[in-house]
Structure formats: structure tokens, C-alpha cells
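Q: fold the following and give me the result.
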Amino acid sequence: MTPSNRRHYAITVEQAASEAPTLASLAALTRESSTRYKLVEFLVPPMLRPSIKPGPIDGDQWCLLVANNACAAKLKQLVPAMAAHLRVKGYPTADIRLKVLGQGTNRPSTYY
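A: Sure thing, here's the model as predicted:
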């Protein structure tokens with residue numbers, strides 16, 4: 001096929017992910033992380049919800065990305081209830097980590 005005969009067409013992210021195994025597994029983990037967050041979101045005070053984003057899943061460890069230290073401190077109090085709720089719903093979340101997204105930096109700092 002010569003470059004002039006090649007057809008260019010747009011495909012969705014989902015289509016691209018389904019054709020590439022690595023992207024497919026990343027897309028699946030992203031969907032699972034979002035699903036987990038939707039299951040526990042009701043436990044988070046409404047004022048804090050915009051400051052929290054679902055993060056990566058690594059085995060039985062799930063990470064939540066939080067905007068600042070104050071949000072992380074409050075969320076740390078809710079982590080046991082979140083983990084218990086996820087276990088009841090069938091998710092083997094043994095550990096929920098919080099990562100604070102630093103202001104003006106691309107690297108999050110881990111909060112325990």
C-alpha cells in the first residue's frame with residue numbers, strides 16, 4: 001500500500017485500546033478505579049469531592065489522588081470505611097493510598 005492509497009480515519013480511544021493489549025489493560029484498570037470511586041463517593045463529604053480523583057490500581061492497592069494536605073488528612077479518616085465498603089461490594093482492596101498532588105509540580109507526594 002502506497003502512502004497515497006492509505007485511508008485515514010478516526011477511531012475512538014476505546015477502539016484503539018481494544019486493538020492494543022497494553023492499552024486495553026490500562027483502560028480496564030482506569031474503568032475499575034472509576035467504578036471503585038463511584039462506590040465510595042457517598043462516604044466523602046460533598047465539599048471534598050471536587051478535590052479527589054480516582055488513581056491507579058496496583059494489585060490489591062488502590063490510590064486516590066487528592067488536591068492538598070487538608071483534604072488528605074480528612075480523607076485518611078474515611079479510608080477504613082471506604083475499604084470496608086469496597087470489600088462488601090466484592091473488591092479486594094486491602095490498602096487505599098492517598099497521594100497529594102503538589103501545587104505546581106507534576107510529582108505527587110505520598111501521604112500515609
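Q: all strands of the protein, in order?
A: Per DSSP state E, the chain carries strands over the ranges 52-58, 61-66, 95-101, 108-111.
Q: comparing those strands, which comes out most buried?
A: Comparing the strands of the chain by mean neighbour count (mean count of other Cβ atoms under 10 Å), strand 61-66 comes out on top with a mean of 21. Placement of C-beta: from N, CA and C, glycine included.
Q: packing partners of it?
A: The contact analysis (3 or more Cβ pairs under 8 Å, 6 or more residues apart in numbering; DSSP states H and E) places strand 61-66 against helix 21-40, strand 52-58, helix 69-88, strand 95-101.
Q: list just the one of the strands of the chain that sits closest to residue 16.
A: When those are compared by Cβ to Cβ, strand 52-58 sits nearest residue 16, at 20.0 Å.
Q: give me the mean pLDDT for the closest one.
A: The average pLDDT for strand 52-58 rounds to 93.
Q: residues contacting the closest residue to residue 71 other than its chain neighbours?
A: The shortest distance from residue 71 to any non-neighbouring residue, by Cβ to Cβ, 6 or more residues apart in numbering, is to residue 51 (4.5 Å). With contact set as Cβ atoms under 8 Å, 6 or more residues apart in numbering, residue 51 has these partners: 66, 67, 68, 71.
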